[in-house]
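Student: sequence and computational prediction follow.
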Amino acid sequence: MRPNKNIGEWYHALSKDISMGGRVNIPRDMEEWPKSWKTVEYKHYKRCPSVPLLPLEQCRLVNPLTDTLFSRKSNRDFEERGYVMTHKVLSTFIANTISKTKGNYRIYPSGGARYPLEFYFFLKRSSDMALGIYHYNVEDHALTLLKGIEHIDLSSRPIHGYEWANHTAVDVFISAIFERNFRKYGERGYRYVMLEAGHVSQNFYLVSTALGLSSTAVAGVLDINVEDMLYLDGKYESLVHTFLLG
Ligand SMILES: Cc1cc2nc3c(=O)[nH]c(=O)nc-3n(C[C@H](O)[C@H](O)[C@H](O)COP(=O)(O)O)c2cc1C
């Protein structure tokens with residue numbers, strides 16, 4: 001394999017699995033797997049205030065799927081809408097996109113059920129919740145308030161270059177703890193992280209559409225500024241995708 005034109009092409013070529021029919025040196029017998037390949041890890045911020053979310057039973061969506069699929073589009077009209085988020089709508093959004101289902105499984109698929117993704121919500125406009133940065137505590141289906149909005153100064157460290165994106169109600173940041181995948185899949189695990197973020201993003205698109213919200217995915221963000229804002233080191237845990245709502 002010859003190094004190619006750019007690092008992405010090179011990575012893709014080198015992470016093609018040609019061993020064991022695509023099983024990446026993973027024994028067929030699960031009994032041989034180390035515990036760390038089967039354990040699902042949850043991130044908690046135990047010292048920060050927790051805000052419980054409404055359970056799925058109170059947040060069911062009944063929109064016909066085909067209508068939702070065909071209405072989905074990337075909208076950037078946040079300023080005109082001036083949407084103000086509520087606890088009920090945010091609960092419905094989260095319950096229908098990233099919450100747990102049975103056991104350790106979730107509403108979105110994950111390669112090997114490794115769940116490398118973490119979710120942060122930057123709440124900028126709300127009528128009934130404190131504004132600031134929250135982490136989604138998947139295990140307890142709750143938001144943890146990491147930082148009040150009064151401690152966030154975007155003027156010196158912008159998180160994107162889009163004027164229209166300053167008017168969202170909520171910015172959702174998807175980060176990844178790559179090690180959760182690498183320890184089982186090696187470097188090929190990077191692919192699975194990105195694919196998983198894509199699955200989640202489509203959930204975000206469809207559920208925001210069903211809720212009548214404007215939304216768009218944005219890859220054009222200033223990763224390091226976002227990571228600093230979220231207290232992420234950018235190595236062990238890094239930003240992988242951003243989704244805007246309003
Ligand atoms: C991975 C990804 C990254 C994107 N990044 C941006 C972005 O940085 N800025 C932006 O305005 N739109 C972004 N979009 C939205 C696309 O521009 C949009 O999906 C595309 O124009 C098709 O329009 P539609 O989503 O309305 O069908 C992104 C979409 C995806 C899937």
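Tutor: Alright, I've got the coordinates. Residues are numbered from 1 along each chain as shown.
Student: centroid residue for this protein?
Tutor: The chain has residue 174 as the residue nearest its centroid, 3.1 Å off, counting by Cα atoms, centre = their mean.
Student: now do that one against residue 152, distance only.
Tutor: 19 Å (Cβ to Cβ, to the nearest Å). Glycine gets a C-beta too; all of them are placed from N, C-alpha and C.
Student: one step back: ignoring the adjacent residues along the chain, who's closest to the residue nearest to the centre of the chain?
Tutor: Sequence neighbours aside, residue 241 is the residue nearest to residue 174 in space, at 4.3 Å (criterion: Cβ to Cβ, 6 or more residues apart in numbering).
Student: isn't the one you found right up against residue 199?
Tutor: No. Taking Cβ atoms under 8 Å as the contact criterion, residue 241 and residue 199 are not neighbours in contact, 10.8 Å apart.
Student: neighbour-wise, which of the two wins?
Tutor: Set side by side, residue 241 and residue 199 show more neighbours around residue 241, with 21 against 15, by other Cβ atoms under 10 Å.
Student: ok, now which ones touch the more buried one?
Tutor: Counting by Cβ atoms under 8 Å, 6 or more residues apart in numbering, residue 241 makes contact with 173, 174, 197, 198, 200, 201, 217, 219.
Student: might one say that the last one is in contact with residue 240?
Tutor: No. Here residue 219 does not reach residue 240: they are 9.3 Å apart, not a contact under Cβ under 8 Å.
Student: now do residue 207 against residue 165, distance only.
Tutor: Distance from residue 207 to residue 165, by Cβ to Cβ: 20 Å.
Student: higher neighbour count, the two?
Tutor: Neighbour totals were compared for residue 207 and residue 165, and residue 207 leads with 24 against 21 (other Cβ under 10 Å).
Student: where in this protein is pLDDT low?
Tutor: Of all residues in the chain, those with pLDDT under 70 make up the ranges 1-4, 20-23.
Student: what is the burial count for the residue lying closest to residue 191 once chain neighbours are set aside?
Tutor: Excluding its sequence neighbours, the residue lying closest to residue 191 (Cβ to Cβ, 6+ apart) is residue 15, at 6.3 Å. Taking other Cβ under 10 Å as the criterion, the count of residues near residue 15 is 15.
Student: residue contacts, residue 15?
Tutor: For residue 15, the set of contacting residues under the criterion of Cβ under 8 Å, 6+ apart consists of 187, 188, 190, 191.
Student: apply 7 Å and report the result again.
Tutor: The contact partners of residue 15, taken as Cβ atoms under 7 Å, 6 or more residues apart in numbering, are 187, 188, 191.
Student: same thing with residue 164?
Tutor: When contacts are counted by Cβ under 7 Å, 6+ apart, residue 164 is found next to 76, 78, 79.
Student: show me which residues of this structure are close to the ligand?
Tutor: Residues of the chain found near the ligand (Cβ under 6 Å from any ligand atom) are 73, 74, 216, 217, 218, 219, 220.
Student: repeat the analysis, applying 8 Å as the threshold.
Tutor: Taking Cβ under 8 Å from any ligand atom as the criterion, the chain approaches the ligand at residues 72-76, 160, 162, 198, 201, 205, 216-221, 241-242.
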